[in-house]
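Undergrad: Need coordinates for the below:
(2 chains)
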Amino acid sequence: MSEDLLRIDNLHVSFSTRRGLVEAVRGVTLTVQAGEMLGLVGESGSGKSVTGFATTRLLDAAGRVTGGKILFRGQDVTKLGGDDLRHLQGAAMSMIFQNPRAALNPIRAIGLQIADAILTHKRISKDAARAEALELLRAVQIRDPETRMNAYPHELSGGMCQRVMIAIAISCNPALLIADEPTTGLDVTTQKVVMDLLADIAAARGMATILITHDLGLAARYCRRIAVMERGRIVEEASPKTLFSAPQHAYTRRLVAASPTATSRIEDLVTEEERERTAAVVGKPRPAPAHGTPPLLEVRKLAKRFDEGSAAVADFSMTIAGGESVGLVGESGSGKSTTSRMICRLIDPSEGDIVFDGQSIGHVAARDFHRSRFRKDIQMVFQDPNESLNPRYTAFDCIAHPLMRLDGMRGGDGLRKRVEECAERVGLPLDLLPRFPHQLSGGQKARVGIARAIACRPRLLVLDEPTAALDVSVQAVVLQLLDRLRRENDIALLFVSHDLNVVRMLCDRTIVLRNGGIVEQGESRALFDNPKTDYTRKLVEAIPHIETGPALAAAL
Amino acid sequence: MLSYILRRIVSTLPVMAIVALFVFSLLYIAPGDPAVVIAGDQASPEDVERIRQSLGLDRPFLIQFGSWVWRILHGDLGTSIFTNLPVSTMIGQRLGPTLSLMMVTLFLTIVIAVPLGVVAAWKAGSFIDRAIMAFAVFGFSLPVFVVGYVLAYIFALELEWLPVQGYTPLTEGVWPWLQNLILPAVALGCVYIALIARITRATMLEVLQQDYIRTARAKGLGQGGILFVHALKNAAVPIVTVIGIGIALLIGGAVVTESVFAIPGLGRLTIDAILRRDYPVIQGIVLLFSFVYVLVNLMIDVVYTIVDPRIRY
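TA: Next comes the predicted model:
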């Protein structure tokens, strides 16, 4: 056992909150060998990040290790202080974080930020540190490193910022790197590039890595051993292959089922034990629309230019039939959100027209559209349910508001009934209605957002990454809900997402956007199984697959 | 950068023009005939007529304004009605003490308040933090003249460490000059020390929550490096803003402080000029203060761009 680089022994971490002590980590035991990449997988609140922060001694002031040991090269990290701790941090052990842009000092040139790390641990001149920083920028494959040395984080893309973070983390050749959700929030293609880079660097330098992630597929692609955490405990530890082919613990089974793959169907997303409860949902296939029916929505040659810059969206045309679901995918900056906002009439298009139910609505100014009779027919579900609900409105208020504004309902029993009916349709327990957003979980907030959107019985629902901020198990439930609403109420869906697996399951047709233009479109399954353009192929290939296919076999 | 500063200077011109118009209109805003107002209560009609002629008050308003501006641009602020001295000379004589007081106050304020705020944020919730914030509330609540008299009583009358009142020019040595300014500067600075310490603490608390501070800790940086290199500079924009507003408020405070400590500065001149209805002097002082204020704002804008590269120029 003495050769373990890191051995965490029965670790307990508590946070003091207003409601007393909360135990975030309760008895985690794991080991990491030198040079190994270990996946630590779990959903939000599972304690995986807290374990990482405890190991690097970066817990908030409120967090405290209340039990157990963290032995790094035989030395108990939890008992270190002063200079010993500083020699450990950044030099022997380093960490990279989620949201790289926020993790870099916004007003310090990136070259200086890398040099900071070097100068803290090595007694060399500033010029020598600068030269080393430049080398590191080269090592993380940043183009034109001489110029980038003087760049500030806001001048770099998210992927580039994460590379800079990696450069900082490896600057003193640490023996252990802890990567906390390093690619969450990055595009799939960027994710692949950054993760490949990280894996290569770790292998080349013999650096052990703990990859903390909520994405089982990502962990499976890069790690040979995965530990699954749930509510502060490690529930299962195995190779990816065993984990996916024969998960032992009930939670792992649920997690594996909820992670969408290239072949999964909406109804597969929950485990068999749970499926019975929702079985009634799956049913009648949607009848094909009669020939000659005009589409519900027709978009013609839509374009949007923001002041000065080039077009964010150009020459975008599409149709959606009633009850149809269409996916809009692309990397960040591809114009998918701009397009969806124009269709929702939240922003004005620069050119082109939007025809809804045979009537042109593209020329109604966005700020006047709330008076249009189509406002209640086109509703939107926003990306982050935490941010898009008014913190001072109860769940009831959120759902009731559009009913009062758009359906002209007054308070009283009628309104209460409609709100309760909406809540029931989205599976939101009625006793949660008087609660404020901060008293609801992420999944519950997502339901409130959807209930609000469907309150006025819209015919088109535009969803902008509605599940991006949710855990996979919650995402599974929300996706099932959306699919059910579409079938039951014949609501057309325009689903904007970067998650191709989700789009493939939920959408009949998919449109691939790049740099504001349509690259490819067609029936979802055909499009993903046989991409016609290189760009789509790249997108599809970048998705971490979790099935035990040839890719995994090659890695093992 | 240079073009940004130039553009900012150009954009202050309309502000200065409006200020000038307002200052010039002071005479006309005051009720009654300006000539009568200037001449005072005991003047004969002949006196009034003479004043009207000499000041050109019989000409149209815009022409008067134009020639007034023209003279100011050539450095001529007019002549005091009371002393018959050029206004620019009178202001020049009084500028030294006031500038000295403001600079010493500003220096003391920044040197004391910013570290206090940083320490309070760093030790948030501790005894030190609470002590600093209690002091800040105390500093807020006391008027300048109370602090001034109390300080003068303790340090000048009882301990006899510092002089009670007066002013010695810098030309007679640094220590004599500073000796006379310490008490007034502390008295005047009290409110600003409290204000800036509080703003520094609040901004620092917010910055210390940011992800990049965690990154700095992960790099193994020491507490000092984190607080002063990474955090304070990020907190600088709001702090600089408040310091700028403080300079503007300092002008008002200087008037009171100079009276308490018998410093022959612009504050005293202002009070005297107002009491004597010496309009040219009042106009000159208001114009000068406005100019200083615009200049300070300009400097703050420039400091912003130096501190924060995200602010584009």
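
Undergrad: Close to chain B: what parts of chain A are there?
TA: Counting by CB under 8 Å from any CB of the partner chain, the positions of chain A adjacent to chain B are A:56, A:58, A:86-91, A:94-95, A:97, A:99, A:102-108, A:116-117, A:120-121, A:152, A:154, A:165, A:168-169. C-betas here are computed from N, CA, C, even on glycine.

Undergrad: Show the buried residues in the residues you listed.
TA: A:56, A:58, A:86-91, A:94-95, A:97, A:99, A:102-105, A:107-108, A:116-117, A:120-121, A:152, A:165, A:168-169 (16 or more other CB atoms under 10 Å in any protein chain shown).

Undergrad: Look up how far residue A:211 lies from residue A:184.
TA: Distance of residue A:184 to residue A:211, computed by CB to CB, to the nearest Å: 11 Å.

Undergrad: I'd guess residue A:70 is in a strand, am I close?
TA: Yes - Residue A:70 sits within a strand when classified using DSSP: H, G, I helix; E, B strand; the rest coil.

Undergrad: Hmm, it is touching residue A:5, no?
TA: No - contact criterion CB atoms under 8 Å: residue A:70 and residue A:5 do not qualify, at 11.7 Å.

Undergrad: what's the helix or strand for residue B:237?
TA: helix B:236-260 (DSSP states H and E).

Undergrad: which secondary structure elements does that helix contact?
TA: helix B:87-122, helix B:144-151, helix B:174-208, helix B:266-275, helix B:279-307 (3 or more CB pairs under 8 Å, 6 or more residues apart in numbering or on different chains; DSSP states H and E).

Undergrad: Between the two ends of stretch B:137-149, what distance do you get?
TA: Terminal residues of stretch B:137-149 lie 19 Å apart, using CA to CA, to the nearest Å.

Undergrad: In this structure residue B:264 contacts residue B:165, no?
TA: No - between residue B:264 and residue B:165 there is no contact under CB under 8 Å: 10.6 Å.

Undergrad: where does chain B have low pLDDT?
TA: In the predicted model of chain B, residues B:30-32, B:34, B:37-38, B:40, B:312-313 satisfy pLDDT under 70.

Undergrad: mind giving me the domain split of it?
TA: Following automatic domain parsing, one finds the domains of chain B at B:2-87, B:95-307.

Undergrad: Same check on chain A?
TA: A:6-259, A:297-543.

Undergrad: mean confidence score for the last one?
TA: If I follow you right, that is domain A:297-543. Across domain A:297-543, the average pLDDT comes to 87.

Undergrad: what about it, how long is it end to end?
TA: 31 Å.

Undergrad: What of stretch A:365-382?
TA: So stretch A:365-382: terminal residues 21 Å apart, CA to CA.

Undergrad: now stretch A:495-512
TA: Across stretch A:495-512, the terminal residues are separated by 12 Å (CA to CA).

Undergrad: Please list all residues in contact with the closest residue to residue B:299 other than its chain neighbours.
TA: Setting aside the residues directly before and after it, residue B:299 is nearest to residue B:244 in space (CB to CB, 6 or more residues apart in numbering or on different chains), at 7.8 Å. Residue B:244 is in contact with B:296-297, B:299-300, counting by CB atoms under 8 Å, 6 or more residues apart in numbering or on different chains.

Undergrad: Mind picking the two most distant members of the residues you listed?
TA: Maximum pairwise distance among the contacts of residue B:244 (CB to CB): 7.2 Å, between B:297 and B:299.

Undergrad: Could you check what's spatially nearest to the one residue sitting closest to the centre of chain A, not counting adjacent residues?
TA: Nearest to the geometric centre of chain A sits residue A:468, at 4.2 Å (CA atoms, centre = their mean). Excluding its sequence neighbours, the residue lying closest to residue A:468 (CB to CB, 6+ apart) is residue A:383, at 5.8 Å.

Undergrad: list the contacts for that neighbour?
TA: A:464-466, A:468-469.

Undergrad: burial measure for residue 266, as a count.
TA: Using chain A. 20 (other CB atoms under 10 Å in any protein chain shown).

Undergrad: Switch to chain B, please.
TA: That count, for residue B:266 with other CB under 10 Å as the rule, works out to 27.

Undergrad: check contacts around the closest residue to it other than its chain neighbours.
TA: Among residues not flanking residue B:266 along the chain, residue B:98 sits closest, at 4.2 Å (CB to CB, 6+ apart). Residues near residue B:98 by CB under 8 Å, 6+ apart: B:254, B:258, B:263, B:265-267.

Undergrad: rerun at 7 Å
TA: B:254, B:265-267 (CB atoms under 7 Å, 6 or more residues apart in numbering or on different chains).

Undergrad: Quick check: the closest residue to residue A:39 other than its chain neighbours vs residue A:228, distance?
TA: Distance criterion CB to CB, 6+ apart; nearest residue to residue A:39, sequence neighbours excluded, is residue A:219 at 3.2 Å. Here the distance between residue A:219 and residue A:228 works out to 9 Å (CB to CB).

Undergrad: which residues are in contact with both of those two?
TA: By CB under 7 Å, 6+ apart, the residues touching both residue A:219 and residue A:228 are residue A:41.

Undergrad: Find the closest residue to chain B in chain A.
TA: Per CB to the nearest CB, residue A:90 is where chain A lies closest to chain B, at 3.4 Å.

Undergrad: Might you report the residue contacts of the nearest residue to that residue once chain neighbours are set aside?
TA: Using CB to CB, 6+ apart and skipping residues adjacent in sequence, the residue nearest residue A:90 is residue B:220, 3.4 Å away. Listed by CB under 7 Å, 6+ apart, the contact set of residue B:220 reads A:86, A:89-91, A:120-121.

Undergrad: can the residues you listed go into JSON lines with extra columns for pLDDT and secondary structure?
TA: Formatted as JSON lines, those follow (pLDDT from 0 to 100; DSSP: H, G, I helix; E, B strand; the rest coil):
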{"residue": "A:86", "pLDDT": "83", "secondary structure": "helix"}
{"residue": "A:89", "pLDDT": "85", "secondary structure": "strand"}
{"residue": "A:90", "pLDDT": "82", "secondary structure": "coil"}
{"residue": "A:91", "pLDDT": "85", "secondary structure": "coil"}
{"residue": "A:120", "pLDDT": "89", "secondary structure": "helix"}
{"residue": "A:121", "pLDDT": "89", "secondary structure": "helix"}
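
Undergrad: thought residue B:215 was touching residue A:100?
TA: No - when contacts are counted by CB atoms under 7 Å, residue B:215 is not listed as touching residue A:100 (9.3 Å).

Undergrad: where does residue A:460 fall, phi/psi-wise?
TA: Here the main-chain torsion angles of residue A:460 (degrees, to the nearest 10) amount to phi -130, psi 130.

Undergrad: Now that it has come up, it's in contact with residue A:378, right?
TA: Yes - judged on CB under 7 Å, residue A:460 makes contact with residue A:378 at a distance of 4.9 Å.

Undergrad: out of these two, which sits in the more crowded spot?
TA: The neighbour comparison of residue A:460 against residue A:378 (other CB under 10 Å) goes to residue A:378, with 27 against 22.

Undergrad: How about the contacts made by the more buried one?
TA: If you count contacts by CB under 7 Å, 6+ apart, residue A:378 has them with A:344-345, A:356, A:458, A:460, A:462.

Undergrad: what's the answer for residue A:195, then?
TA: A:183, A:218, A:222.

Undergrad: Neighbour-wise, which one of those residues leads?
TA: residue A:183 (25 neighbours).

Undergrad: quick one: it and residue A:194 touch, right?
TA: Yes - here residue A:183 reaches residue A:194: they are 5.5 Å apart, a contact under CB under 7 Å.

Undergrad: Please enumerate the helices of the stretch 451-556 of chain A.
TA: A:472-489, A:500-506, A:524-529, A:534-542, A:550-555 (DSSP state H, counting those that start in this stretch).
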